[in-house]
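I would like the atomic coordinates for the input below:
(2 chains)
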2 protein chains.
Amino acid sequence: MLNVAGREIPVFVEGFGDVAPFDGMSIAERRARPATQRRPGASKVVPDLRTALVECGVRDGATLSFHHHLRNGDQVMNTVLAEAAQLGLRNLSIAPSSIFPVHAPLVELIKRGVITRIYTAYASGPVADAIAAGLLEQPAVLQTHGGRARAIESAELQIDVAFVAAPTADDYGNICSVTGPAACGPLGYATADAQFAKHVVAVTENLVPYPAYPVEISQEHVDLVVCVPTIGDATRILSGTTTVTEDSCGLDIASMAARVTEAAGLLRDGFSFQTGAGGISLAVARYIQEAMQKKKIMGSFASGGITGQIVEMLERGLFRTLFDVQCFDLRAVQSYRDHTAHQRMSSSLYANPASRGAVVDRLDVMILGASEIDLDFNVNVTTASDGRLIGGSGGHSDTAAGAKLSIVTTRLNARANPKITERVRTLTTPGSTIDVVVTEAGVAVNPRRPDLIEALTQARIPLLSISRLHDLSLMAAGRTKAEQPATDQDNRIVALQQYRDGTIIDVLRAATHGP
Amino acid sequence: MLNVAGREIPVFVEGFGDVAPFDGMSIAERRARPATQRRPGASKVVPDLRTALVECGVRDGATLSFHHHLRNGDQVMNTVLAEAAQLGLRNLSIAPSSIFPVHAPLVELIKRGVITRIYTAYASGPVADAIAAGLLEQPAVLQTHGGRARAIESAELQIDVAFVAAPTADDYGNICSVTGPAACGPLGYATADAQFAKHVVAVTENLVPYPAYPVEISQEHVDLVVCVPTIGDATRILSGTTTVTEDSCGLDIASMAARVTEAAGLLRDGFSFQTGAGGISLAVARYIQEAMQKKKIMGSFASGGITGQIVEMLERGLFRTLFDVQCFDLRAVQSYRDHTAHQRMSSSLYANPASRGAVVDRLDVMILGASEIDLDFNVNVTTASDGRLIGGSGGHSDTAAGAKLSIVTTRLNARANPKITERVRTLTTPGSTIDVVVTEAGVAVNPRRPDLIEALTQARIPLLSISRLHDLSLMAAGRTKAEQPATDQDNRIVALQQYRDGTIIDVLRAATHGP
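Purely as a prediction, here's the structure:
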């Protein structure tokens, strides 16, 4: 047969198969990632979010995703969902990487049935309260950061439209995140969304001439660009960090965690380290820094959400590189912009258990927090002891599973609540991945780690059993027996705690309110 | 039911569905990209290529891919395939992004049936001769750079093992391409392979402590790392460039191409530009540079394989950014390492027609070469007039399709061969995507572009019809009629020229050798 260019083409070629003749207009449709065809070179800017929702074909029951790099300053999720409600959409699933108090307006949309399902790795504030109260029609799915990437990449979680808050963008969808008023550093939590969602919309307050650079998320992933007056309150975007703890109890715990690290033999050249941004964690980082300087050690990398304190360790030559999924302060953003050694990581590179090797798998030491920890070393960072939803795993389960040494630092009690319990109210991170618990009263090592028990004993670190810590915890809280608030096993399931591999590790049931 | 962590988990949750209980060992297998599970944190280094082939489960009939960033200095493809032959493997398909004269040893493997099928975007040298001679058992598939990315991402071309020549790597598979003796800049042609192949092997001569940085291809994509004495001859890696043409005929053509660009109204702020690394192309870039300086224009980007000459334009502020798929010289490598504005692009971002917008779609002007061009403006860059396979599209069809103005520059004749022919011997790039032909005898505009004809006429650029150029071309070659070497339509098909969208635009048949 002749193709449209007038060449004689067989309909079948031995060793090749059926031949699709050139017709000047074909577009291959089989594709691992969905493609949206737009006229080559045409601008992707549409006038408003409503147009974007319509052009993406959003219907009742669609799944919309968001990311949390703007943290408690984010305005994008609220604005998009208000517009969706205006359009009369109902029964939406949302998949934000995290939810903060700023997202309080969504509670009304949950009550009205606009939002009926939530997938997220972390939730705090009014929306978390609404989930725990069972206001959602369907149970929420609480993920881990790495598990969320896995779910998206595996098509377990299929996103219809990903909305990417873009500090800076151009008319063809290149997103830059180190310039503009809301510059926030790496967009690690939005990467899987941008790569795998059926449609991707960049929402920006700072449209610049093509091409926006350096590119954080590239035009090849973005369908539409919408300009809005603001994507968030810059003063609250980088408010995630607390300051280093000052109280002597916290400092004792931090100092002991650093000693445990050293006693475990990990504080050597090539050392790798991650910690959160809480007060005790920041104090641990400071003690580790002192120890590294004293021993003249150069570490290989620090990872995680990155703070100015970790940047300082990079700049002092204590680490060769950083892997940064999200900046916690402005100094980190500047460092990411300026230093080649300060590298981005997507949440998949960070923590996806189904990849060919995540950064967490190369971690020596992870410093973790806990709402509760129990006799099996199981950790709860999902609920408070009274059942309120106060967070979720984030990267907790991921880093605990990957790190050679995962240390939980915790005070014995929070006022009248013991932190070491017989059984955690909600299981977030399995005890099989927790190695050490450090409290102000001493250190407990997981019996699964006899090597650690030996090393810490040799280093004259006072060890206690976890059940002894439990007793001390009860005493510190002024109790003789932990009170577990009743949860009727027949109560409705309001959320599932999903482990990073996609299995369900626990469920959250609606609270029982008296007889 | 109780999960292994002892939590009571329902087997089914309304609104969620069947529940997979946490079992401490599950790994989700559904995944858009295949995942290979290795023990977290374990080194990925294996002792040699043979072990890598065995560990990746390579069998007869497998498809192995390679990239051409080391150009005519590459030793990786030869070494891997020699090892495959040693293992007794047969019937292999290979999918190198390009093939060079250095790959001559593969001819013997083709003859022995070790290699029976080839997918590539460009082939020159003895392997190309072997393809044209029909030595392959199956017809070769000649792709475009963007079409190759499309084929890989769409699973039309399924790669069992991608071998990535890594100038520098660490034991966990992070690849850095700006350090080490074979530093070669962006690995744009290896990106789709690394993302979509079932297995990925990094082959390096420079193993460094974890993490290698800056990361060009990340650990999350790489299964195994193999150290070899050399990945290539560094002195030949960056030998792709020629020098700016010096002869007056070539300079006249280049100067006219620059005038056409200006007359088309594209030489304004935001101008974007790509050219090859041939002598006339480099001369065009020089004339464009002079014109931009004179008009005090700042362009938005230059793209493609990047030369030092283009880097100079970046450094002089003539372009804000570069999109670089492959460096052609050391100055480009240094610039890529040092300048944020000198950005990488994968071949998919460069030219994939099935993405949400490739860089070629934003090109204003593309300067193209041609082996032949015909009365319909069809271009042949695949074969010589005698039927020898001398290249293939590379990015030719991609940039022609994307650019607002695609200009073919060519002399009227190559010795006794007219370059403007009645009908190209092999159709690589359809005439519908070619706007202008510039020769030393004048300029022909595609009748599909009346707007251009008007603009160029107003700028007093002497226009001729393509058929007049054809006549002049015949005269210059000392012919009265073009001789088309006979090709029997019944001869065996030795290769298919695939257009970027996956359709077949032409076929190459075995030459007829006299009666």
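
make it CA atoms for all contacts and neighbour counts henceforth
Noted.

Quickly list the domain ranges of chain A.
Domain ranges of chain A: A:45-236, A:248-487, per automatic domain parsing.

out of those domains, nearest to B:Ala459?
Between B:Ala459 and the domains of chain A, the shortest separation by CA to CA is 28.5 Å, and it involves domain A:45-236.

Quick one: distance of the closest one to the chain centre.
The chain centroid and the centroid of domain A:45-236 are separated by 14 Å under CA atoms, centre = their mean, to the nearest Å.

for that domain, what is the average pLDDT?
Domain A:45-236 comes out with an average pLDDT of 96.

Can you get me the start-to-end distance on that domain?
Criterion CA to CA, to the nearest Å; first-to-last residue distance in domain A:45-236 is 28 Å.

got the residues of the stretch 401-515 of chain A near chain B?
Contact residues (CA under 8 Å from any CA of the partner chain) of the stretch 401-515 of chain A with chain B: A:402, A:427, A:430, A:493, A:499, A:501-507.

want to throw those residues into CSV with neighbour count?
As requested, those are arranged in CSV below (neighbours: other CA atoms under 10 Å in any protein chain shown):
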residue, neighbour count
A:Gly402, 24
A:Leu427, 29
A:Pro430, 22
A:Ile493, 21
A:Tyr499, 28
A:Asp501, 27
A:Gly502, 23
A:Thr503, 22
A:Ile504, 24
A:Ile505, 30
A:Asp506, 27
A:Val507, 25
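
Filter those residues down to the ones in strands?
A:493, A:504-507 (DSSP state E).

tell me the contacts of the residue nearest to the spatial centre of chain A?
Centroid check for chain A by CA atoms, centre = their mean gives A:His145 as the closest residue, at 3.7 Å. Applying CA atoms under 8 Å, 6 or more residues apart in numbering or on different chains, one finds that A:His145 lies in contact with A:97, A:121, A:189, A:347, A:351-352, A:393-395, A:398, A:500.

Try it again at 10 Å.
Residues near A:His145 by CA atoms under 10 Å, 6 or more residues apart in numbering or on different chains: A:97-98, A:120-122, A:189, A:346-348, A:350-352, A:392-399, A:500.

swap in A:Pro47?
Contact partners of A:Pro47, counting by CA under 10 Å, 6+ apart, are A:225-228.

and of the residues you listed, the nearest to chain B?
Nearest to chain B, judged by CA to the nearest CA, of the contacts of A:Pro47 is A:Val225 at 12.3 Å.

Of the residues of the stretch 401-515 of chain A next to chain B, which pair is most distant in space?
Taking CA to CA as the measure, those reach their widest spread between A:Gly402 and A:Ile493, a distance of 29.7 Å.

Can you tell me which of the contacts of A:Pro47 has the most neighbours?
When these are compared by neighbour count (other CA atoms under 10 Å in any protein chain shown), A:Val225 ends up highest, at 30 neighbours.

Just read off the phi/psi values of it.
Taking degrees, to the nearest 10, you get phi -130, psi 130 for the backbone angles of A:Val225.

got the contact list for it?
Counted by CA under 10 Å, 6+ apart, A:Val225 has contacts A:43-49, A:52, A:163-164, A:166, A:169-175, A:200-204, A:207.

Identify the bridge partners of it.
A:Val45, A:Ala202 (DSSP bridges).

can you check A:Val437 too?
Under the criterion used (DSSP bridges), A:Val437 bridges to A:Val408, A:Ala444.

Do me a favour and average the pLDDT over the host helix or strand of A:Cys249.
Here A:Cys249 is covered by helix A:248-263, with elements defined by DSSP states H and E. The pLDDT scores in helix A:248-263 average 96.

Need the CA coordinates for it. PDB is fine.
The C-alpha trace of helix A:248-263 is given here as PDB (Å, rounded to 0.1, in the frame of the first residue of the first chain):
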ATOM      1  CA  SER A 248      17.400  19.500  80.500                       C
ATOM      2  CA  CYS A 249      15.200  16.400  80.200                       C
ATOM      3  CA  GLY A 250      15.000  16.800  76.400                       C
ATOM      4  CA  LEU A 251      18.700  17.600  76.200                       C
ATOM      5  CA  ASP A 252      19.500  14.400  78.300                       C
ATOM      6  CA  ILE A 253      17.500  12.300  75.900                       C
ATOM      7  CA  ALA A 254      19.200  13.900  72.900                       C
ATOM      8  CA  SER A 255      22.700  13.500  74.300                       C
ATOM      9  CA  MET A 256      22.000   9.800  75.100                       C
ATOM     10  CA  ALA A 257      20.700   9.200  71.500                       C
ATOM     11  CA  ALA A 258      24.000  10.600  70.200                       C
ATOM     12  CA  ARG A 259      25.900   8.300  72.600                       C
ATOM     13  CA  VAL A 260      23.900   5.300  71.400                       C
ATOM     14  CA  THR A 261      24.800   6.200  67.800                       C
ATOM     15  CA  GLU A 262      28.500   6.400  68.600                       C
ATOM     16  CA  ALA A 263      28.400   3.200  70.700                       C
END
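
Noted, bye for now.
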